[in-house]
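In: based on what follows, work out the 3D shape:
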Amino acid sequence: MPKIKLTKGELKRQRDALRRYERYLPTLQLKKQQLQLEILQQNTLFEEKTRLSVRRRETILAWAGLLTDPGVDIRPYLKPQQVTTSVRNIAGVDIPVFLRADFAPLTYDLFGTPMWLDVFIEQARIRVGLEEELKVIRRGVDILRQELRIATQRVNLFEKVKIPETQETIRLIKISIGDQ
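Out: Residues are numbered from 1 along each chain as shown. Next up is the predicted model:
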């Protein structure tokens, strides 16, 4: 602990600091709770979307036998041109929110390709869109976890270090002033 002055001016500074810490601590605790709640909600959403993606995958696997046709290459149709996201603010933290995945329009000869191709590509695009959404959710959860770690460190700093340290300093200054 640094050398402290045992004066009335220092006593006032320490009391002001203590009031500041005690005023700021509830805000930090609230932020921590909001971040924890949002992480739980995002994890629930992630699990739900994962289950949906697995079901889509099973639907697509039913079509797997048809993909052995050498004249059909669907890879160019399944790559998203653009993934659109927006930003949502949670307790002062901006996290990405998935809006949609845009794909290139289908341009192939309708008479030279099998009839099932349209339906299959549509189902596969839905699954690719879900995978992109899962990536965005995962990125958002990572951001929230990092911010939660920082908020937790700050709460602990105030609760376990700054407030007790300041209270002890005030006590020592009061004792010294009382002795004088």
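
In: so after the helix or strand of the chain with the lowest mean pLDDT, what's the next helix or strand?
Out: Least confident element among the helices and strands of the chain, by mean pLDDT, DSSP states H and E: helix 75-78 (a mean of 80). Downstream of helix 75-78, the first helix or strand assigned by DSSP states H and E is strand 80-90.

In: buried residues of that next one, list them for me.
Out: By 16 or more other CB atoms under 10 Å, the buried positions in strand 80-90 come out as 80, 83, 85, 90. All C-beta atoms are positioned from the backbone trio N, CA, C, and that covers glycine.

In: any idea which of those is closest to Tyr21?
Out: Nearest to Tyr21, judged by CB to CB, of these is Ile90 at 24.6 Å.

In: how about the helices in the protein?
Out: 8-61, 75-78, 117-156, 163-179 (DSSP state H).

In: does anything pack onto the last one? Which helices or strands?
Out: To tie it back to what came earlier, the one meant is helix 163-179. When contacts are defined as 3 or more CB pairs under 8 Å, 6 or more residues apart in numbering; DSSP states H and E, helix 163-179 packs onto helix 8-61.

In: between helix 163-179 and the helix it packs on, find me the angle.
Out: Using axes from the mean of the first three to the mean of the last three CA atoms, to 10 degrees, one finds that helix 8-61 and helix 163-179 are set 170 degrees apart in direction.
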